[in-house]
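*Asks:* What shape does this take:
(chains A and B)
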Protein chains: 2
Amino acid sequence: MSSQLSPTILTSPNAGDPVPDPRLAHPANPKLPSTPPPSSSTFTLSFKLPDFHSRPPSPSPTSSVFSYTSQDTMTSSTSTRASARPNPADVAERDYFSENPPPATLEAHTSLAKEFIDFHAVAGRRVVLVTSGGTTVPLERQTVRFIDNFSAGTRGATSAEYFLQAGYAVLFLHRQFSLQPYSRHYSHATDCFLDFLHEGPDGSVVAKEEYRAKMVTVLRQYHAAKAKKLLLTLPFTTITDYLFVLRAIAQLMRPLGPRGLLYLAAAVSDFFVPLERMQEHKIQSTNATDASTPEGKGSEEREGGEEEEVFDNFDSSPAVPRSKRLIVDLDPVPKFLKNLVDGWAPEGMIVSFKLETDPSILVHKAKYSLDRYQHHLVIGNLLATRKWEVVFVAPGSRDQWIRVPRSKRKRTISGVEDLVGAAARGGEVGDEPLDPNDLPDGEPELEIESLIIPAVEALHTAHIHGPRKREI
Amino acid sequence: MSSQLSPTILTSPNAGDPVPDPRLAHPANPKLPSTPPPSSSTFTLSFKLPDFHSRPPSPSPTSSVFSYTSQDTMTSSTSTRASARPNPADVAERDYFSENPPPATLEAHTSLAKEFIDFHAVAGRRVVLVTSGGTTVPLERQTVRFIDNFSAGTRGATSAEYFLQAGYAVLFLHRQFSLQPYSRHYSHATDCFLDFLHEGPDGSVVAKEEYRAKMVTVLRQYHAAKAKKLLLTLPFTTITDYLFVLRAIAQLMRPLGPRGLLYLAAAVSDFFVPLERMQEHKIQSTNATDASTPEGKGSEEREGGEEEEVFDNFDSSPAVPRSKRLIVDLDPVPKFLKNLVDGWAPEGMIVSFKLETDPSILVHKAKYSLDRYQHHLVIGNLLATRKWEVVFVAPGSRDQWIRVPRSKRKRTISGVEDLVGAAARGGEVGDEPLDPNDLPDGEPELEIESLIIPAVEALHTAHIHGPRKREI
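*Replies:* The predicted structure follows:
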């Protein structure tokens, strides 16, 4: 093992160094193609659209399945199912990966992941890839503004701890500066770090007595995971970062066969701004006197004639002419679960999450996803109740809600047959979702991931021992 | 002093409690008006537009200057400059604050701020409001997606420490979970918290020796600021949170007269989605068969006839019909510096920041802002070089770049007359910006805020001793 593989420590923190900025992964990616600076009065994005329909299919018989080589580079290889006419998912994948630059960290991160996975593959250990936190969609190449997805990373970071408890090796692919296993207990407290500490004798720094016992427990678990090389954490920021590294890691997990588990808890962007439409510089809140967009905006709607009206910083006019608004036009992110299931990690078990805010569509959407991609489990959850209950939607099983009892005092076990073993661990199961209005204030006493992970583990065991359904 | 005023500790961290989520301030604000759930096939935002032009001016002679009362409520009062016809800035302000709900925490936070400010006003101490971090713009009422502004909070958190060193009381208004003074040295390290600690004798938790010396220094500074009640930290998340609390605090700072300083380093959204156009639930990535927008989207551009094509999760088609894209239509945020300068905090010194990515427009935009709002200082900075140099643009002074020397070894003092005293503190000054390509890799050895704050302090001293330019 190389000394580079120090799981969870990609960069040793050095208290003497300046602290790196969150989201500073690629504020000005030098690999991005340069464009001439636009006029400062342009504020809408341009609308040059790729014509996907008219693009001829590639004459090459190679599919877009990529393989990882020992040279740490991504190379195209002919898949075992290569055909003369690539399917649309392959075309979408190839276009996305060819039109967007890979993250600068891709090689370094895939190298760490390969070492980690190979180490555990040899040991015959189960390995789970946990993705966690939200991906961003930059609105400018030199990114000042971006669209984000609500996620603190609680589900992923908490799940990772329970996977480690269950004996898995955990590859934790997370949004930079989102919650991480173990440190999550402290990193997003209202006042990070310093309030847990005080000055001890002889200029030492020690944990305050009221926090000591829990901190020792957390520290021991963390150090045990590190010592056994059971945890590797890798960060991402943008949707493009995420998709590149997800593809690379999924392919690296092939040697694990069915012992590989992909637990996709990240909140992944559905829409993005294609690079070719992305403005180089910060979008200006200014009169778009030269704007001409395909939205049919007529010049009569624009406000003209204001001298040096750049509408910057602080404007005193309540009028909102069309020309002062910002229109962001986003394309759908090509969807990759089909490739993940069929091509990237064909033997592994794949669990995806479905987050909705509207209770009436959650289960429908989970089933639709499962039917379409033929993977193994969709865990559905609602924004308002996600720490209290989730629904397991799996092929051949009845949908089952797993939930935290409202309180230790009020805990009841329902009469519903418990397919996922949650009741035995202090949870409840049911056929129907809770009414959010019935929930108590505050956080549940029990982390629902302590119920989710053993249930997933049981399904994974069945997956490992079951018939191989797909060829590789 | 009430025991509530425990600066920097709004909620005591309790290691036994679950950690709160970032950005969970108001994921489903109960005060937001409810709307019927939209059809699941709707994915564009609706486009019902307010007609600001045709709205008659309010017949009320009251202006929109609000005052803070001892009952902790915001009430409208007649300003000393009330006129029969409110000016457009007042109308924009009134509309914004009446059409968007105040944050649930407004009363509690203004109460803490009032106690803090009054305490230091009596002592004759200078008080600075430092705003820090980015504001968010939610895209849905039950927010899954939002637009964010790039900012870790480094400028604000670092500046706050140097203001405390200079003897200021600091009210630190920051994006929740962005960097904070003192804890910034540890909170956003690659592995938060736990890597700085190990288990000591008898089950104690102590800082590792290599981090101990710096940690003791930071801890002492932090505890000194707390003990002297010199630091109050208040969080915000959305642009609306920010504007409500900024207005309230600025008005509370009036008793400070010219000893009040507003140092507006937050990255504030320029565009937002008005509540009336905001969808209740998560925007669906689905066929918008019922979409009809004013962009002139014709039905011939829509793709129809796909059965149960909800285009969810993972789609295999590379085609991007118009109906599968997301159009986000944003209004400009009403600009508030005019009200801040003239009405909210008329005697205080006001410093704003201007962040750009295009060097060719930075100084122009800084001057424009200063000319328009007649405040005291704009500190301009470029995304790529912001930790190395800033430009001070102030009335009656030559624009001056202040920068960190490239290295201790290479430090040179330029021949330019040093108006801001930066050279005496180890910095450089100049008339022109750096070429970003000339910068060394990594972080500067000196924090540029150690140069900025003394320069601002000197200008603030001049402001306090200078003639009162505006009436209150």
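*Asks:* CA atoms for contacts and neighbours, from now on please.
*Replies:* OK.
*Asks:* Where does pLDDT dip in the stretch 101-250 of chain A?
*Replies:* By pLDDT under 70, the low-scoring segments of the stretch 101-250 of chain A are A:188-192.
*Asks:* For it, just list every one of the strands.
*Replies:* A:127-132, A:137-138, A:145-149, A:169-175, A:197-199, A:205-207, A:231-236 (DSSP state E, counting those that start in this stretch).
*Asks:* Between those strands, which one is closest to residue A:393.
*Replies:* strand A:127-132 (18.8 Å; CA to CA).
*Asks:* Remind me what the closest one packs against, helices and strands.
*Replies:* Applying 3 or more CA pairs under 8 Å, 6 or more residues apart in numbering or on different chains; DSSP states H and E, one finds that strand A:127-132 contacts helix A:106-122, helix A:154-165, strand A:169-175, strand A:260-264.
*Asks:* Now tell me what touches it from outside.
*Replies:* A:117, A:120-121, A:153-157, A:159-160, A:163, A:168-175, A:256, A:259-267 (CA atoms under 8 Å, 6 or more residues apart in numbering or on different chains).
*Asks:* Look up the residues forming beta bridges with residue A:349.
*Replies:* Going by DSSP bridges, residue A:349 is paired in beta bridges with residue A:261.
*Asks:* Show me where chain A has its helices.
*Replies:* Ranges of helices within chain A are A:88-99, A:106-122, A:154-165, A:184-187, A:209-227, A:239-252, A:337-339, A:362-373, A:449-465, based on DSSP state H.
*Asks:* so what secondary structure elements neighbour the longest one?
*Replies:* In this case it means helix A:209-227. strand B:197-199, strand B:205-207.
*Asks:* Any buried residues in stretch A:227-238, and which?
*Replies:* By neighbour count on 16 or more other CA atoms under 10 Å in any protein chain shown, the buried set for stretch A:227-238 is A:229-238.
*Asks:* Ends of that stretch, what's the gap?
*Replies:* From its first residue to its last, stretch A:227-238 covers 31 Å (CA to CA, to the nearest Å).
*Asks:* before we move on, back to that, list just the nearest of the buried residues of stretch A:227-238 to residue A:108.
*Replies:* Nearest to residue A:108 among the buried residues of stretch A:227-238 is residue A:234, at 10.1 Å by CA to CA.
*Asks:* Which residue comes closest to the closest one once chain neighbours are left out?
*Replies:* Excluding the flanking residues, the one nearest residue A:234 by CA to CA, 6 or more residues apart in numbering or on different chains is residue A:173, at 4.9 Å.
*Asks:* Tell me what the one you found is bridged to.
*Replies:* residue A:131, residue A:234.
*Asks:* So it sits against residue A:236, correct?
*Replies:* Yes. Between residue A:173 and residue A:236 there is a contact under CA atoms under 8 Å: 7.1 Å.
*Asks:* so how far is residue A:350 from residue A:374?
*Replies:* 10 Å.
*Asks:* residue contacts, the closest residue to residue A:213 other than its chain neighbours?
*Replies:* Leaving aside its chain neighbours, residue A:213 sits nearest to residue B:203 (7.8 Å; criterion: CA to CA, 6+ apart). Residue B:203 makes contact with A:212-213, A:216 under the criterion CA under 8 Å, 6+ apart.
*Asks:* Using JSON lines, lay out those residues together with distance to residue B:441.
*Replies:* JSON lines is the format used below for those (distance: CA to CA, whole Å):
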{"residue": "A:212", "distance to residue B:441": "40"}
{"residue": "A:213", "distance to residue B:441": "42"}
{"residue": "A:216", "distance to residue B:441": "38"}
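*Asks:* Strands of the stretch 251-400 of chain A, start to end?
*Replies:* In the stretch 251-400 of chain A, the strands defined using DSSP E, counting those that start in this stretch lie at A:260-264, A:271-272, A:326-332, A:349-356, A:377-382, A:389-393, A:400-403.
*Asks:* Just send these back as CSV, with mean pLDDT and mean neighbour count too.
*Replies:* CSV is the format used below for those (pLDDT from 0 to 100; neighbours: other CA atoms under 10 Å in any protein chain shown):
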stretch, mean pLDDT, mean neighbour count
strand A:260-264, 96, 25
strand A:271-272, 84, 23
strand A:326-332, 84, 21
strand A:349-356, 93, 22
strand A:377-382, 95, 24
strand A:389-393, 95, 25
strand A:400-403, 90, 25
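*Asks:* Let me have those in CSV, extended by distance to residue A:193.
*Replies:* Formatted as CSV, the strands of the stretch 251-400 of chain A follow (distance: least, CA to CA, whole Å):
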stretch, distance to residue A:193
strand A:260-264, 29
strand A:271-272, 35
strand A:326-332, 39
strand A:349-356, 31
strand A:377-382, 31
strand A:389-393, 30
strand A:400-403, 32
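*Asks:* Among those, which comes closest to residue B:339?
*Replies:* Comparing these by CA to CA, strand A:326-332 comes nearest, at 23.8 Å.
*Asks:* Export the closest one to CSV, keeping only CA atoms.
*Replies:* This file holds the C-alpha atoms of strand A:326-332, laid out as CSV (Å, rounded to 0.1, in the frame of the first residue of the first chain):
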residue,chain,number,x,y,z
LEU,A,326,-32.3,37.4,-15.6
ILE,A,327,-33.4,34.4,-17.6
VAL,A,328,-31.5,31.2,-16.9
ASP,A,329,-32.1,28.5,-19.5
LEU,A,330,-31.1,25.1,-18.3
ASP,A,331,-30.9,21.8,-20.1
PRO,A,332,-31.7,18.5,-18.4
